[in-house]
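Q: quick one, fold the following:
(4 chains)
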Protein chains: 2
Amino acid sequence: MTTTNRQTQAEQTKQRLFDTALELFNKKGFDNVSVDEIVKQSNSSKGAFYGHFKSKYGIFIEKFKEIDSFYEEFVRTIPEEASFNEKILLLFEGQMDYLANILGKDLMRTVYISGLNDTDENFFANSERSLYRIVRGMIKEAIERGELQKDVDIQRLTWQITRCMRGTLYDWHAFGETFDLQKESREYIEVFMDGVMGRYGGERSGNRK
Amino acid sequence: MTTTNRQTQAEQTKQRLFDTALELFNKKGFDNVSVDEIVKQSNSSKGAFYGHFKSKYGIFIEKFKEIDSFYEEFVRTIPEEASFNEKILLLFEGQMDYLANILGKDLMRTVYISGLNDTDENFFANSERSLYRIVRGMIKEAIERGELQKDVDIQRLTWQITRCMRGTLYDWHAFGETFDLQKESREYIEVFMDGVMGRYGGERSGNRK
DNA sequence: TTATATTATAGACTATAGTCTAAGACCGCG
DNA sequence: CGCGGTCTTAGACTATAGTCTATAATATAA
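A: The predicted structure is shown next:
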């Protein structure tokens, strides 16, 4: 199955549309860029655009998916010996930093809007995302180390912990400029993790239960 | 400042648009109803529509605001003697029931989309909402009763507890049909409240700290 | 190599949310 | 009563996301 010339061309067209769109979005904001503008500046066409992307949102969603390689990189910087609780806190910190400073608020807003529109088949619900695999891994490790009880429902806890992210990120947009993402994120997950450790903490976690 | 005939007329037009729109939304779904269709079926016009509502979303947002009178009613059914923790759990249960069975998922979806679009001046961020006043009231009461420590940051805790609602409701849409709102809501807030009581619980709460 | 099938792209077209302006109806005031 | 001003509404108009169809270029198979 060798790559034909035509496929290469198509890939280049897609890349050109992608780069141009991102550049325009960053310069003028998602809402102030039209698809016509993107295709014109890419010397391309509507047909090409919608052949490569499902919608205008598709550009930002594709960019957003890069976050998974960030996660993979980032977890490697987390010290092996840190406790489960510390690891989760570090993950939140790193993630929020990446979202705010690399991807940006406008991109995240559109991704969250898509999550509400494509009510099925959206990225959040895909349990194979790196993020979910990483959190599941941390939970499994914590169980092995006796930090969490053996009978924790791993999948459920994964959804719950990542829901803390989604809730905080939603509020980041809903609450406007005054919202301090890092601070809010940390304070919130700290409380939640207290609850988690109180409920599911194993013998090695200092849990009194 | 007596109500003029003209104001009455306008109010009737608005009401007609409102009722017709809701009827159509419920019948066909928000995305499958056009504003043209609404105004035609209301024997009205675009000008009238946009004179009364800020956008197509405005209809559902206005309907959503009715939830505040529901909250006011509902809290009166919560037993005075219940603990802070129990009160919060009951509030969540009642709320989710109302949202799922009275307002409906489609309405909630559009309200949550609006929260992401009108990044300032949206309903969530308005701290005078009944919901927020009620939660603040519960927290204050819990402090008075010694269930929470005296130095709890009331406003912060209010935002955090209600963020549990927002996170869960976001997931309700993002995770499609398999998501059991009541179950997810309860399990999530239980963990969070464990964290809250562990951190901020007073002498009367059985907190060991 | 030629004929047939496939596919990427161009761009006209559609659907629809929201804007804008004019006009008519009603209001309050003299 | 009548006049100037104001509010409500009608509906044409604009902007724009997304669809659809035709075409040309390329791939494939004989």
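
Q: need the contact list for the residue in chain A that chain B sits nearest to.
A: Nearest residue of chain A to chain B: residue A:167, at 2.6 Å (CB to the nearest CB). C-beta here means a position set from N, CA and C on the backbone, and glycine is covered the same way. Under the criterion of CB atoms under 8 Å, 6 or more residues apart in numbering or on different chains, the neighbours of residue A:167 are A:188, B:163-164, B:166-168, B:170.

Q: again, but for residue A:170
A: Taking CB under 8 Å, 6+ apart as the test, what residue A:170 contacts is A:112, B:112, B:115-116, B:166-167, B:170.

Q: can you pick out the most distant pair from those residues?
A: Spanning the widest gap among the contacts of residue A:170 are B:116 and B:167, at 14.1 Å by CB to CB.

Q: of the contacts of residue A:170, which belong to helices?
A: A:112, B:112, B:115-116, B:166-167, B:170 (DSSP state H).

Q: out of those, which is most surrounded?
A: The member of the ones in helices among the contacts of residue A:170 surrounded by the most neighbours (other CB atoms under 10 Å in any protein chain shown) is residue B:167, with 28 neighbours in all.

Q: what's the spacing between that one and residue A:28?
A: Applying CB to CB, to the nearest Å, the value for residue B:167 to residue A:28 is 31 Å.

Q: skipping its backbone neighbours, what lies nearest residue A:156 in space?
A: When the adjacent residues along the chain are set aside, residue A:156 lies closest to residue B:187, with 7.2 Å between them (CB to CB, 6 or more residues apart in numbering or on different chains).

Q: number of residues surrounding the one you found?
A: With other CB under 10 Å as criterion, residue B:187 counts 17.

Q: pretty sure it sits against residue A:157.
A: No. Residue B:187 is beyond contact range of residue A:157, at 9.9 Å (criterion: CB atoms under 8 Å).

Q: so in chain A, which helix runs the longest?
A: Every helix in chain A considered (DSSP H), the longest is helix A:5-28.

Q: that one near chain B anywhere?
A: No. With CB under 8 Å from any CB of the partner chain as the criterion, chain B is not reached by helix A:5-28; the gap is at least 15.8 Å.

Q: re earlier: helix, strand, or coil at the residue nearest to residue A:156?
A: Three-state call for residue B:187 (DSSP: H, G, I helix; E, B strand; the rest coil): helix.

Q: what about it, distance to DNA strand C?
A: Counting by CB to the nearest atom of the strand, to the nearest Å, the gap from residue B:187 to DNA strand C is 36 Å.

Q: can you pull the pLDDT of the residue nearest the centre of chain A?
A: By CA atoms, centre = their mean, chain A has its centre lying nearest to residue A:67, at 5.8 Å. Predicted confidence (pLDDT) at residue A:67: the value is 95.

Q: over to it: give its phi and psi.
A: phi -60, psi -30 (degrees, to the nearest 10).

Q: my read: it touches residue A:103, true?
A: Yes. Contact criterion CB under 8 Å: residue A:67 and residue A:103 qualify, at 6.9 Å.

Q: wait, which of the contacts of residue A:167 is closest to DNA strand D?
A: Checking these against DNA strand D with CB to the nearest atom of the strand, the nearest one is residue B:170 at 20.5 Å.

Q: and the pLDDT for that closest one?
A: pLDDT, read off for residue B:170, is 98.

Q: likewise residue A:121?
A: Taking residue A:121 on its own, its pLDDT is 77.

Q: that one belongs to a strand?
A: No. Secondary structure of residue A:121 (three-state DSSP): coil, not part of a strand.

Q: now it: phi and psi?
A: Backbone torsions for residue A:121, taken as degrees, to the nearest 10, come to phi 50, psi 60.

Q: can I see the domain layout of chain A?
A: A:5-53, A:61-203 (automatic domain parsing).

Q: need the distance between the two termini of the shortest one.
A: Meaning domain A:5-53. End-to-end span of domain A:5-53 (CA to CA, to the nearest Å): 21 Å.

Q: report the mean confidence score over it.
A: Per-residue pLDDT values across domain A:5-53 average out to 97.

Q: any residue of it touching DNA strand C?
A: Yes. Applying CB under 7 Å from any atom of the strand, one finds that domain A:5-53 is in contact with DNA strand C at A:6-7, A:9-10, A:12-14, A:39, A:43-48, A:50-52.

Q: which among those end up buried?
A: A:13-14, A:39, A:44, A:48, A:52 (16 or more other CB atoms under 10 Å in any protein chain shown).

Q: tell me the SS of the closest residue to DNA strand C within chain A?
A: Per CB to the nearest atom of the strand, residue A:47 is where chain A lies closest to DNA strand C, at 2.0 Å. With three-state DSSP as the basis, residue A:47 sits in helix.
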